[in-house]
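> This is a predicted model, with the sequence first.
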Amino acid sequence: MKRVNDFRLKFGSLELVPIVIGGMGVDISTAELALEAARLGGIGHISDALVHDVSDRRFDTEFVKGKTRFYKGNINNPDKSIIHFDLGHLAEATRLHIGKTMDAKCGTGMVFLNVMEKLTMNGPRDTLQVRLNAALDAGIDGITLSAGLHLGSFALMAEHPRFRDAKLGIIVSSVRALQLFLRKTAKLKRLPDYIIIEGPLAGGHLGFGMDWAQYDLATIVAEVAHYIRTEQLAIPLIAAGGIFTGSDAVSFLEQGVAAVQVATRFTVSEECGLPAKVKQEYFKASEEDIIVNTISPTGYPMRMLKNTPAIGSGIRPNCESYGYLLDGNGNCAYLSAYNQQLVQHPDGKNIAIFDKTCLCTHMRNYNCWTCGSMTYRLKDTSRKLPDGSYQLPSAEHIFKDYQFSVNQQIALPD
Ligand SMILES: Cc1cc2nc3c(=O)[nH]c(=O)nc-3n(C[C@H](O)[C@H](O)[C@H](O)COP(=O)(O)O)c2cc1C
């Protein structure tokens, strides 16, 4: 009987344990979590979502305070078009977050950065260019392009000296998205080093519409694999979304993927950035508690726990401090929903908004409990303690469980 450890993810002569921990912003997939994956011979992701805030919390910088102070005169103005990120600060925060992580790296694995295109930061092109190039400057092993089609992203870093040496990959949820990306980047003569195929059972934003339940990962993997073969390309494919056990992973590896990307199992690890109380919410969740809705201003459906505090919250938008989802013209779907409510409640009190949420603020405060569809099974991966809470497994425990388990078994932490 095969185990995940019988397979290897190969990048040229480099061989890795074929387990990738997916990026989870904002600082849910912490440096500590990603570093464990690298130490154990796999790949871990950090994320550059709200990187200023992550830097402030970790390295005592004051990027967010500075930006808030600079734009405080605009707080009561519904027009947010004047808000812009200081590109120098953006590069500095990115280099700090990544540089410190890479300095701490040990082991034979790698640390990648998850870069979401939907973080348009009221200047989509310029900010993305800075994020990508600063990440390469800071020595990141690889960059995973996510939450968007990224048709121009390779070109934005094509002049960087590490453009052809760092590992660059993309997350897609359909062959069509992959075809578009490959067509758009063809003239750069630089193929992605890996392709992550994310199915509809994943956490975070989904690359599907609200008809997500009609799709399934194994079918999309087969379609992408067929296309890659037809085009005579040799790009490692990585399957993601709903892979909960080592045996689930083996079934995809036997189908021909080079690795699996997993996240949900690690949301309750000691190293995960979610607050301890939120980890217990994930443990406690039942299948009915997990929903997919459209409250994210990005326009993508998102999976989350039903009791997520962000749902229905009508807080004043914090674009002066954050503003990561401003589209380039000062717009965000939450901002529009809030401004409409403000007409009926001019004092700003008693506002409840259910169709959109202020994702920047709520992700920053860990009040948007996004999760994968298998979250209801987390309780079976740990022990219940006498006080009724669940024991947090270490990332190493979970990683090794994926790596060595058979027969759909899940080893409980000691
Ligand atoms: C809490 C959470 C947050 C996530 N945030 C992101 C993100 O910021 N960017 C991204 O590309 N994917 C995100 N994802 C998706 C994961 O990286 C991963 O591909 C997927 O969840 C794997 O499926 P699994 O959770 O069923 O193992 C997130 C997933 C979870 C569970």
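Thanks, I have it. Residues are numbered from 1 along each chain as shown.
> got a list of contacts for stretch 307-321?
Stretch 307-321 is contacted by residues 64, 67-68, 71-72, 74-75, 80, 83, 281, 289, 293, 295, 304, 326, 332, 334-335, 338, 341, 348, 350-354, 357-362, 367-370 when judged by Cβ atoms under 8 Å, 6 or more residues apart in numbering. All C-beta spots, glycine's among them, are computed from the backbone N, C-alpha and C.
> Can you pull the residues of the stretch 1-150 of the chain lying near the ligand?
22-25, 28, 47, 49, 114, 116, 146-147 (Cβ under 6 Å from any ligand atom).
> Compare those residues and tell me which has the most neighbours.
Using other Cβ atoms under 10 Å as the neighbour test, these are led by G22, with 30 neighbours.
> how near is it to S29?
With distances taken as Cβ to Cβ, to the nearest Å, G22 is found 7 Å from S29.
> where do the contact lists of the two overlap?
Residues touching both G22 and S29 (Cβ under 8 Å, 6+ apart): 45, 114, 263.
> So which of the residues you listed belong to strands?
Judged by DSSP state E, the subset of the shared contacts of G22 and S29 located in strands is 45, 114.
> quick one, what contacts whatever residue of the stretch 201-350 of the chain ends up closest to the ligand?
Per Cβ to the nearest ligand atom, G203 is where the stretch 201-350 of the chain lies closest to the ligand, at 2.4 Å. Contacts for G203 (Cβ under 8 Å, 6+ apart) come out as 22, 24, 263-264, 267, 303, 370-373, 375.
> Quick check: the two most widely separated of these?
The most widely separated members of the contacts of G203 are M24 and S373, with 15.0 Å between them, by Cβ to Cβ.
> now for the one helix or strand L145 maps to, which elements pack on it?
Following DSSP states H and E, one finds L145 within strand 142-146. If you count contacts as 3 or more Cβ pairs under 8 Å, 6 or more residues apart in numbering; DSSP states H and E, strand 142-146 packs onto strand 110-116, helix 124-137, strand 167-172.
> Identify the neighbouring strands of the shortest one in the sheet and state each direction.
Using DSSP bridges, the strands paired with strand 167-172 are strand 142-146 (parallel), strand 194-198 (parallel).
> next SSE after the first one?
Beyond strand 142-146 on the C-terminal side, the first helix or strand identified by DSSP H and E is helix 153-156.
> So for that next one, what gets flagged as buried?
Going by neighbour count (16 or more other Cβ atoms under 10 Å), the buried part of helix 153-156 is 153-154, 156.
> quick one: the helices in the stretch 1-150 of the chain?
Using DSSP state H, counting those that start in this stretch, the helices of the stretch 1-150 of the chain run over residues 31-39, 51-59, 63-70, 87-103, 124-137.
> from the ones you listed, which stretch is densest packed?
helix 31-39 (a mean of 24; mean count of other Cβ atoms under 10 Å).
> What lies in contact with stretch 145-152?
23, 114-119, 125, 153, 168-171, 177, 180-181, 184-185, 196, 204-205, 298, 300.
> where in this structure is pLDDT low?
By pLDDT under 70, the chain has no low-scoring segment.
> Quick check: S336 vs D327, distance?
11 Å.
> ugh, typo on my part, it should be Q340
Taking Cβ to Cβ as the measure, Q340 falls 17 Å from D327.
> Now for the closest residue in space to G328 that isn't next to it in sequence: which residues touch it?
Once flanking residues are discounted, G328 sits nearest to P124: 5.2 Å by Cβ to Cβ, 6 or more residues apart in numbering. Listed by Cβ under 8 Å, 6+ apart, the contact set of P124 reads 117, 327-328.
> which stretches of the stretch 251-400 of the chain form strands?
Here the stretch 251-400 of the chain has its strands, by DSSP state E, counting those that start in this stretch, at 259-262, 290-293, 302-305, 312-313, 352-353.
> Turn those into TSV, columns for distance to S251 and mean neighbour count.
Shown next, in TSV, are these (distance: least, Cβ to Cβ, whole Å; neighbours: other Cβ atoms under 10 Å):
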stretch	distance to S251	mean neighbour count
strand 259-262	10	27
strand 290-293	23	16
strand 302-305	22	22
strand 312-313	39	16
strand 352-353	42	14
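> surely R190 meets E159?
No: assessed by Cβ atoms under 8 Å, R190 is found out of contact with E159, at 12.0 Å.
> Looking at the two, which is more packed in?
Using other Cβ under 10 Å, the more surrounded residue of R190 and E159 is R190, with 15 against 9.
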